[in-house]
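Participant: predicted model follows, preceded by the sequence.
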Amino acid sequence: MTTILGIDPGSRKTGFGVVETDGASAVYVTSGIIRLPVDEPLGPRLGVLFTELNTIIDEFRPDELAIEQVFLARSPDAALKLGHARGAAMTACVHRGMAVHEYAARQIKQAVVGTGAASKEQVQHMVKTLLKLPAAPKEDAADALAAALCHLHSRQGLQSMPARARSRGRFR
């Protein structure tokens, strides 16, 4: 079994989701939102994120990280803060020996919903359906689970691809 940690990073709240896979299907383990203290400067908030992720890693022992790439945010300042949060999350995972895989938001939506222009509600619905959950997870947690599912789909695609194509990055 491989355990995948999905992260939807943010400077105010970060979604996380953990799924296990036997290579064929995904099983929900846990998900949630790490809420960062908004009354603190960015540095201490990143410290909280790093510490909370280490606690999650200790408890669930994920093997790999799937994280959303930075997208063009509303402002350069927002993009920088998002980048810092991603950096703190990735550092926590790399420090623990996890492989890190990055996916664009459109790529995650395409893998889970079937269209890169999917709404938050569509992502929540499909995550609920694919993981057979009794209710849709909150937005940030659903996005994190969607990142983990996207990585699972990517892993399955790579495993089924001929070895020659994998090594060259293309089919022949």
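Facilitator: Cool, the structure landed. Numbering: from 1, shown residues only.
Participant: would you confirm that residue 67 belongs to a strand?
Facilitator: Yes. Judged by DSSP: H, G, I helix; E, B strand; the rest coil, residue 67 forms part of a strand.
Participant: OK, contacts around it?
Facilitator: Residues near residue 67 by CB atoms under 8 Å, 6 or more residues apart in numbering: 6, 7, 9, 86, 89, 90, 100, 101, 102, 103, 147. Where C-beta positions appear, they are placed from N, C-alpha and C, glycine not excepted.
Participant: quick check, nearest of the residues you listed to residue 27?
Facilitator: Nearest to residue 27 among the contacts of residue 67, counting by CB to CB, is residue 6 at 13.6 Å.
Participant: need phi/psi at that closest one.
Facilitator: Main-chain dihedrals, residue 6, degrees, to the nearest 10: phi -100, psi 140.
Participant: what of residue 103?
Facilitator: Here is the backbone geometry of residue 103 (degrees, to the nearest 10): phi -140, psi 140.
Participant: thought it was touching residue 153?
Facilitator: No. Residue 103 is beyond contact range of residue 153, at 10.0 Å (criterion: CB atoms under 8 Å).
Participant: more crowded one of the two?
Facilitator: When neighbours are counted by other CB atoms under 10 Å, residue 103 and residue 153 differ, and residue 103 comes out ahead with 22 against 17.
Participant: and the more buried one, what does it touch?
Facilitator: 66, 67, 68, 69, 111, 147, 150, 151, 154.
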